[in-house]
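[1] the sequence and its predicted three-dimensional model are supplied below.
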Amino acid sequence: MDFRIVFYLSFSFLLITCGKATAQEVDYSNEYQIVANVTGLTELNISELRQRFKGKYYSWDKNIDVIIALPSSKHINAEEVSRIIYDKSFYGVKKFWLSLVFQGRFNAPNFFDSDDEIVDFISKNEGSIGFVSKKVAVPEKFVITLSQ
C-alpha cells in the first residue's frame, strides 16, 4: 500500500514538472505583437494583458469599452494564440467566451480569419485589442509593448 502512494506521488510530480510549458512560460515576443487602439496606451504587463483578454475589465481607464479581436478557426495561428493568451485550445476559448456572454458579463469578442483583418478592425475601433504576427505591418501608434 505504501509503495502505491509513493509511486503515485512520484509519478504525479514527474508529470507536473516535465509537462508542457504553460502560457506564461511561452516566449512569443519574437513571433507576435500586441495591437490596440487606446489613446495613450503604449505598454501592458502580461498580467494586465491576460486580464483584458479574459474579460476581467469592461473598459479602459478613459471609459472606453474593451473590444476583443481574436483569430477565428480559419486563422492559421488560432490554436497557438489561444494557447498563449488563454492556455486553452481554440474551442476552449470559444466555450470560455460563450459562458461570459451568456451570463451577460461581457460582449462577445470579434473573430477574424487573418492578421490583416485584425489590424484593420483595430485601426477602426477605439478600445479594441488584438494579438497578431510580427510579420504583419502595424502602424506604430497601435503597437503595445509588453513589460515584465
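    Alright, I've got the coordinates. Numbering: from 1, shown residues only.
[2] low-confidence ranges, this structure, go.
    Residues of the chain meeting the criterion pLDDT under 70: 1-29.
[3] can we see that at 90?
    1-31, 39-41, 45-50, 57-58, 61-63, 146-148 (pLDDT under 90).
[4] tell me which stretches of this structure form helices.
    2-18, 46-53, 78-86, 90-102, 115-124 (DSSP state H).
[5] which other residues reach the third one?
    When contacts are taken as Cβ atoms under 8 Å, 6 or more residues apart in numbering, the neighbours of helix 78-86 outside the stretch itself are 23, 26, 28, 32, 49-50, 53-54, 70-72, 75, 88-90, 92-93, 96, 131. C-beta: built from backbone N, CA, C; applies to glycine.
[6] hang on, the earlier thing: out of the helices of the chain, which is closest to Asp61?
    Shortest distance between Asp61 and these, using Cβ to Cβ, is found for helix 46-53: 11.2 Å.
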